[in-house]
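> Next come a sequence and a model predicted from it.
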Amino acid sequence: MGLRFTTRASDSPWIDTVWTCTSEQVTRMTSVATVHWGLVFWKQEGGAYAAVSGPESRAGVAPVPADATFVGIEFALGTSLRAAPTPALVDRGVVLPDATPRTFRLDGARWETPGPDDAEALVDRLVRSGAVIRDPLVGDVRSGGCTDVSTRTVERRFRAATGLTQGAVRQIERAREAAALLAGGLASADVVGRLAYFDEPHLARALQRYVGRTARQLREGTGGAISLELDQTATS
């Protein structure tokens, strides 16, 4: 038993991914570093809950409500909540008050709790209300576009929008990609070459810091429940 994830992409420029998860006899998991903030909704024993999850700068251990079902929205890099700047959410989450099976409260208003197919409609309403905003400079930088501001200003605005430096974002994304490749059966030496790590010890340090797993654990699917969709179901 463990965490059973499904993830889908979105055609909304405001959303990175939408995911669902079921926890089965799991009370804790390895929380993998991520560059995205998100909204998470879950039901457990007849109760309904909602929270804002922040970017995570490194792997850690997080509690998991047992026998719960989740729906999550991971927002695109550069977006943020008007009521909670993304830097204030790094390595922490905020439980939203007064959640019910049908609605939740955010930014002073009540919103309909989404199912996995309703994420885009919810986010569209949040954007139109101004509850979710975006710094377009982040997208320009990520796509390699030119900006008319200084390097220092770019880094300041990037960090203000995402809570992370550009270097941290690159390292986290690379480690997550490495984890997926290893779980898919690729040898460590091949991952080193494909993702431009210096050597296998460099890869091992990155995995430990950002994923909380060794290469062997990722290949074998061992080490406990993990907040990352891999080629195999994470087991406890």
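Cool, the structure landed.
> burial count for residue 88?
12 (other CB atoms under 10 Å). Heads up, the C-betas are built off the backbone N, CA and C, glycines and all.
> give the contact list for it.
Listed by CB atoms under 8 Å, 6 or more residues apart in numbering, the contact partners of residue 88 are 54, 163.
> And it, how far from residue 214?
33 Å (CB to CB, to the nearest Å).
> Tell me if I am right that residue 116 is in a strand.
No: counting by DSSP: H, G, I helix; E, B strand; the rest coil, residue 116 falls outside a strand, being coil.
> I'd assumed residue 70 was in contact with it.
No: shown here, residue 116 and residue 70 do not form a contact pair, counting by CB atoms under 8 Å, at 9.8 Å.
> Pick out whichever of those two has more residues nearby.
Neighbour comparison, residue 116 and residue 70: the larger count goes to residue 70, with 20 against 15 (by other CB under 10 Å).
> The more buried one: what secondary structure?
strand.
> ok, it touching residue 44?
No: counting by CB under 8 Å, residue 70 sits too far from residue 44 to count as a contact (9.4 Å).
> about what we covered before: report the set of residues contacting both of residue 116 and residue 70.
residue 20.
> Identify the residues contacting the closest residue to residue 107 other than its chain neighbours.
Leaving aside its chain neighbours, residue 107 sits nearest to residue 131 (4.1 Å; criterion: CB to CB, 6 or more residues apart in numbering). Contact analysis of residue 131 by CB under 8 Å, 6+ apart lists 81-83, 106-107, 109.
> Buried only: go through these for me.
Using 16 or more other CB atoms under 10 Å as the burial test, the contacts of residue 131 include 81, 106 as buried.
> Which residue of the protein lies farthest from its centroid?
Farthest-out residue of the chain from its mean C-alpha position, per CA atoms, centre = their mean: residue 148, at 30.1 Å.
> ok, now how distant is that residue from residue 60?
To residue 60, residue 148 is 39 Å away according to CB to CB.
> Kindly report the same for residue 158.
Counting by CB to CB, the gap from residue 158 to residue 60 is 24 Å.
> Can you pick out the residue with more neighbours from the two?
For residue 158 versus residue 60, neighbours defined as other CB under 10 Å are more numerous around residue 158 (21 against 14).
> thought that one was touching residue 140?
No: judged on CB under 8 Å, residue 158 makes no contact with residue 140 at a distance of 10.3 Å.
> ok now stretch 194-212, how far from the chain's centre?
Relative to its parent chain, stretch 194-212 has a centroid offset of 19 Å by CA atoms, centre = their mean, to the nearest Å.
> Give me the mean pLDDT for it.
The average pLDDT within stretch 194-212 is 97.
> Can you give me the buried ones in it?
Of the residues in stretch 194-212, 197, 203-204, 206-207, 210-212 count as buried by neighbour count, 16+ other CB under 10 Å.
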